[in-house]
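# pasting a predicted model and its sequence here:
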Amino acid sequence: MDGAELIIQEINREAEQKIQYILSEAQKEAEKIKEEARKRAEARAEWILRKAQTQAETERQRIIANARLEVRKKRLEVQEELIQEVITALRERLAELSEEEYFPMLIDLTVRALEELGGDACIVRSNEKTLKLLESKLGEFRKAVAAKLGRDVEISLGEPISTIGGVLVEAPDGSVRVDNTFESRIERFESELRAEIAKALFG
């Protein structure tokens, strides 16, 4: 083998080594790129999964909150309906009181009104049915009011008014009045009444 062939062989050997080195480095770089791509893909997938989980939890909480709100709204609607039914029943019950129950109540309502009104004379007004009852027992009524009040008061019966019952008591000149009709008292004590009804119905 002459010198030229040796040189060619050496060149080929070096070239082969370089090719193998380049291929090896290229393979390593390819693996590195693939690994980085895999990690990026995993990180991206994890981010997407976390985002999806967050969105799912947010949506779950929104659905739960809406459901609770709807239940509360429905409960309040039912509660209000029941309270209104009780108040309506109370009005009906008061409108249908027997004379035995009603007459003492009229005395108490008049006394309470006169305690606020003061003075030694008043006019009592109510619906026609109540005024007829009071007229039929006016002496007894005046006597009972004076006894409870602790002083004599000149009581006159006035013109009828629109009410389910109770009394409207006013000064003789009409300048001052105390409204103790059932409607007015229910309205004045409605918040307390509603609270009591709600407690009785819903605990």
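The structure has been received and is ready for your questions.

# what average pLDDT does stretch 39-59 get?
In this model, stretch 39-59 carries a mean pLDDT of 80.

# and what of stretch 74-84?
On average, stretch 74-84 scores 80.

# for stretch 142-156, same thing?
On average, stretch 142-156 scores 94.

# quick one: buried residues of that stretch?
Buried residues in stretch 142-156, counted by 16 or more other C-beta atoms under 10 Å: Arg142, Ala144, Val145, Val153, Ile155. In short, each C-beta sits where N, CA and C put it, glycine included.

# now stretch 106-117
Under 16+ other C-beta under 10 Å, the buried positions of stretch 106-117 are Leu106, Ile107, Leu109, Thr110, Val111, Arg112, Ala113, Leu114, Leu117.

# now stretch 124-133
Counting neighbours by 16+ other C-beta under 10 Å, stretch 124-133 gives Val124, Arg125, Ser126, Asn127, Thr130, Leu131, Leu133 as buried.

# hang on, the earlier thing: so which of the buried residues of stretch 106-117 belong to helices?
Leu106, Ile107, Leu109, Thr110, Val111, Arg112, Ala113, Leu114, Leu117 (DSSP state H).

# confidence-wise, which of those comes last?
Among those, pLDDT bottoms out at Leu117, giving 90.

# verify the stated contact: that residue with Asp179.
No - contact between Leu117 and Asp179 fails when scored by C-beta atoms under 8 Å: they sit 11.0 Å apart.

# which other helices and strands does the longest helix along the chain contact?
Longest helix in the chain, counting residues (DSSP H): helix 3-95. Using 3 or more C-beta pairs under 8 Å, 6 or more residues apart in numbering; DSSP states H and E, the elements in contact with helix 3-95 are helix 182-188, helix 190-202.
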